[in-house]
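*Asks:* need coordinates for the following:
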Amino acid sequence: MPDNLMGEDKSTASKTQAGYVRWLIGEAPKFKSFLELGPDVGLVTSEVVRRTIPQRVSLVEPNLAIHEELRSNTGSVEDIEIVQYLAEVKNTSFDLVIGIHVFDHLLDPLADIRNLGSMSRADSYLGIVVHNEGSLLRRLIGVRWPPFCLQHPQLYNPKSLRAMLHAGGWELERVGKSTNYFHLNHIAQMALGVLGLPKSLAKLIPRVETPINLGNMIALAKKK
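*Replies:* A predicted model of the protein is given here:
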C-alpha cells in the first residue's frame with residue numbers, strides 16, 4: 001500500500017501531524033517510552049521524538065511497504081522497534097500512546113483500549129484523533145460523509161468516545177476539533193468527489209495552503 005498522506009505534499013501533511021502533537025502534549029516533560037499505533041511514515045513519531053526525546057519507541061504499522069521510510073523518519077532513538085501487530089510489541093510500560101485515525105478501524109476498540117492500559121505506566125497518556133460523527137460537516141453532508149464506509153466499523157462523537165475510554169480504564173481529560181492543512185485545490189477536488197461532480201473543476205482553484213477542520217476530533221486521556 002502507498003502512504004496515507006491523502007494525496008498531499010509531505011511538508012503539508014507534516015504541519016497537520018505537528019499540530020496534533022502540539023495539542024496533545026504541548027510542553028510536556030520528556031517521555032521515557034512512547035508507542036504509536038499506525039504511524040504511517042512517522043510524521044507524528046518524529047515530532048514526538050524531537051519534543052520529548054524518549055528512550056524507547058515502539059511503532060505498530062501493518063503496512064510493510066513503508067517500514068523503511070518510517071524508520072528513517074524516527075530520528076536517533078537508541079531503542080526502537082517496528083512491528084506489524086500490537087501483540088508483537090516487546091517494550092512495555094509506556095508513558096505515552098498515540099493513535100491517529102486508528103480507532104475508527106478497530107473491530108473491538110474497547111478490548112484494545114484495555115490492552116493498551118495494561119501496557120502503560122500509571123498516569124500515562126493516550127492521544128487519539130478520530131472522525132466525529134456528530135460534527136457539523138457530517139450533518140451538512142449527510143450520508144455522503146466520506147467516513148461512512150466499510151473501512152470504518154467504528155465512528156465516535158465526544159460522548160461515545162468518553163464512555164469507551166472510561167470503560168477501558170482511561171479518563172478523557174480534554175477533547176477538541178483537529179485541524180488539517182491542505183491546498184485549496186486539493187480540498188476542492190475532494191469536495192467535488194463527494195458531490196459527484198467532475199474533479200477536473202478543481203483546476204480552477206489556486207494551489208494555496210490553508211488550515212481546515214474536516215469534522216474530526218482530537219482527544220487526550222489519562223490512565224485511571
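*Asks:* show residues contacting the helix or strand of the chain with the lowest mean pLDDT.
*Replies:* The helix or strand of the chain with the poorest confidence is helix 184-195; it has a mean of 72 (mean pLDDT, DSSP states H and E). Residues from elsewhere that reach helix 184-195, judged by Cβ atoms under 8 Å, 6 or more residues apart in numbering: 7-8, 141, 144-146, 198-199, 201-203, 205-210, 212. Bear in mind the C-beta positions are built from the backbone N, C-alpha and C, glycine included.
*Asks:* out of those residues, which sit inside strands?
*Replies:* Those of these mapping onto strands are Glu209, Thr210, Ile212, per DSSP state E.
*Asks:* can you tell me the closest non-neighbouring residue to the second one?
*Replies:* Nearest-residue entry for Thr210: Leu184, 5.8 Å, with adjacent residues in sequence omitted and distances by Cβ to Cβ, 6 or more residues apart in numbering.
*Asks:* please apply the same query to Lys203.
*Replies:* Of all residues not flanking Lys203 in the chain, Asn185 sits nearest, at 7.1 Å (Cβ to Cβ, 6+ apart).
*Asks:* parallel or antiparallel, which strands does the longest strand belonging to the chain pair with?
*Replies:* In the chain, with assignment by DSSP E, the single longest strand is strand 120-131. Paired neighbours of strand 120-131 in the sheet (DSSP bridges): strand 94-100 (parallel), strand 216-223 (antiparallel).
*Asks:* so which bits of the longest one are buried?
*Replies:* Read that as strand 216-223. Of the residues in strand 216-223, Asn216, Met217, Ile218, Ala219, Leu220, Ala221, Lys223 count as buried by neighbour count, 16 or more other Cβ atoms under 10 Å.
*Asks:* among the ones in strands among the contacts of helix 184-195, which one has the most neighbours?
*Replies:* Glu209 (14 neighbours; other Cβ atoms under 10 Å).
*Asks:* can you pull the contacts of Ala167?
*Replies:* Leu110, Ile113.
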